[in-house]
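Colleague: sharing a sequence plus its predicted fold:
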Amino acid sequence: LVGRRGCAVALVGGAAGLVLGEWLVGLLGLIHMQGTLALHLKVGFDWRVYAFAFLVCVATGVIVGFAPAFRASRVNPNEELREGGTRLSGGVRAGRLRRMLVVTQLAGSLVLLIVAGLFVRSLSRAESVDLGYDAHGVLDLSMNPGDVGYNKAQTIEFYKRLLDRVRATPGVQSAALAVGAPLSGYNSVVNVYVEGRVLGPNQHPPEVFYNSISPGYFRTMRIGLLRGRRFTKADDAKAPPVAIINKDMASQLWPGQNPLGKRFRTSAKGPWIDVVGVSANASYLFVSLRNQAYFYRPMAQSYDALRTLQIRSSLVPDSLALQIQTEIHSLEPQLPVFDVGPLENVIDGPNGLLIFRLGAAVA
């Protein structure tokens, strides 16, 4: 009878727990994550969860119900009556077990609280990190004229006309083109061969991420220049290859030296590239990864049809988006424009704050 009662109580408790669990899991779907990625948390129970819960409830009922009965069955009633009920060893053992269970529960709860606190603290730190650029007021629009059959010459002319129109738009402070926007996932990586440095038999050239940009990019993104100069229109396809490296690349490849005038190349037999500037570090790959070797090439010397138009404006970026898309389609009506939105939305995306927000929200 005691065992049956224990099982019944465990099953009722388990059923109530499942109902509560279903309700709490449903609340996860209501969590709104900012950013360009449409994220919907869909977590549901299936038959395996119910089967596991049923088995746990039955096992719990059996253990809780039958353990006292089994212990009582081993006691001699005559001895208990003779001793006047003074034997307390069973109660002492039960008390110890209860205290052990309470301590275990408190320890587990403390671990969960610590994890939740770490998630929230990590989110707070990530939100306050210095990215190395100013994302506020920047609008991104990506396109690829190659999708509508443009060749290299047509693509270059299209982007030139587009930049001229965008920069003449009221409210636009500056505009530039880049193959990849920060934290967008569009990143190129190459092997870097440093002039005068011979690799050993088991050595490999370092891999460094880079971006191709147009003149005006550093002004638009407000990335600091520590040494040297920015790119100009003179850095075209006929000019000597040049690059601007970030502070971390300079310290890794030329520690304690002035990197201006140093040379490297991106293939074993490729042309030498002169370093003409050193920029501040910036978070390009991941929001918390700022100290990463990185360099920039002039877009005229590193062709790619896929580009992101980045516009700094005194207007609200969303209000400017439709106007800029109209300008794009006036030049090429069939050209698809994608990843349209404020740069701040990208920072809230998968390579930005999304993981931190998700962890903090769930915790």
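Modeller: In hand now; what should we look at?

Colleague: can you map out the helices along the stretch 201-350 of the chain?
Modeller: Under the criterion DSSP state H, counting those that start in this stretch, the stretch 201-350 of the chain contains helices at 217-221, 247-253, 317-331, 343-347.

Colleague: pipe those helices into JSON lines and attach distance to Ser267, mean neighbour count and mean pLDDT per row.
Modeller: Yep, even glycine has a C-beta here, placed from its N, CA and C like the rest. Formatted as JSON lines, the helices of the stretch 201-350 of the chain follow (distance: least, C-beta to C-beta, whole Å; neighbours: other C-beta atoms under 10 Å; pLDDT from 0 to 100):
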{"stretch": "helix 217-221", "distance to Ser267": "24", "mean neighbour count": "22", "mean pLDDT": "95"}
{"stretch": "helix 247-253", "distance to Ser267": "16", "mean neighbour count": "20", "mean pLDDT": "95"}
{"stretch": "helix 317-331", "distance to Ser267": "34", "mean neighbour count": "15", "mean pLDDT": "90"}
{"stretch": "helix 343-347", "distance to Ser267": "31", "mean neighbour count": "22", "mean pLDDT": "84"}
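
Colleague: so which of those helices is nearest Phe295?
Modeller: helix 247-253 (5.7 Å; C-beta to C-beta).

Colleague: re the thing from before, same list (the helices of the stretch 201-350 of the chain) but as CSV, adding distance to Arg5.
Modeller: Below are the helices of the stretch 201-350 of the chain laid out as CSV (distance: least, C-beta to C-beta, whole Å):
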stretch, distance to Arg5
helix 217-221, 70
helix 247-253, 68
helix 317-331, 63
helix 343-347, 57
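
Colleague: so which of these gets nearest Leu20?
Modeller: helix 343-347 (35.2 Å).

Colleague: sorry, back to before: for Ser109, which of the helices of the stretch 201-350 of the chain is the nearest?
Modeller: helix 343-347 (34.0 Å).

Colleague: next one: that closest one to chain centre, how far?
Modeller: Chain-centre distance of helix 343-347: 11 Å, with C-alpha atoms, centre = their mean, to the nearest Å.

Colleague: ok, and what's touching that helix?
Modeller: Helix 343-347 has contacts (C-beta atoms under 8 Å, 6 or more residues apart in numbering) with 34-36, 131, 135-136, 138-140, 181-184, 287, 310, 317, 352-353.

Colleague: from the residues you listed, which land in strands?
Modeller: 138-140, 310 (DSSP state E).

Colleague: quick check, nearest of those to Asn258?
Modeller: Gln310 (30.3 Å).

Colleague: ok, now which ones touch the closest one?
Modeller: Gln310 neighbours (C-beta under 8 Å, 6+ apart): 138-140, 175-178, 181, 217, 220-221, 343.

Colleague: before we move on, back to that, out of the ones in strands among the contacts of helix 343-347, the closest to Phe209 would be?
Modeller: Gln310 (17.7 Å).

Colleague: below-threshold pLDDT in the stretch 51-200 of the chain: ranges please.
Modeller: Applying pLDDT under 70 to the stretch 51-200 of the chain picks out residues 64-94.

Colleague: quick one: the helices in it?
Modeller: Using DSSP H, counting those that start in this stretch, helices in the stretch 51-200 of the chain cover 77-82, 89-128, 152-167.

Colleague: deepest in the core, which of the ones you listed is it.
Modeller: helix 152-167 (a mean of 16; mean count of other C-beta atoms under 10 Å).

Colleague: contacts for it, please.
Modeller: 145-146, 150, 172, 174-177, 214, 300, 303, 305, 307, 309, 311, 324, 327-328, 331-332.

Colleague: where does Leu1 land on pLDDT?
Modeller: pLDDT for Leu1: 56.

Colleague: quick check, central residue of this protein?
Modeller: Among the residues of the chain, the one closest to the centroid is Asn351, at 2.7 Å (C-alpha atoms, centre = their mean).

Colleague: and the pLDDT at that one?
Modeller: 75.

Colleague: I'd like to know which of the contacts of helix 152-167 are part of strands.
Modeller: 172, 174-177, 307, 309, 311.

Colleague: which of those residues are buried, as a PyMOL select command?
Modeller: Command for PyMOL that selects the buried part of the ones in strands among the contacts of helix 152-167, burial taken from 16 or more other C-beta atoms under 10 Å:
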select buried, resi 172+174+175+176+177+307+309+311
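
Colleague: now the two most distant members of the ones in strands among the contacts of helix 152-167.
Modeller: Val172 and Arg307 (17.1 Å).

Colleague: how many other residues sit next to the residue lying closest to Arg222 once chain neighbours are set aside?
Modeller: Once flanking residues are discounted, Arg222 sits nearest to Asp134: 4.2 Å by C-beta to C-beta, 6 or more residues apart in numbering. When counting by other C-beta atoms under 10 Å, one arrives at 13 neighbours for Asp134.
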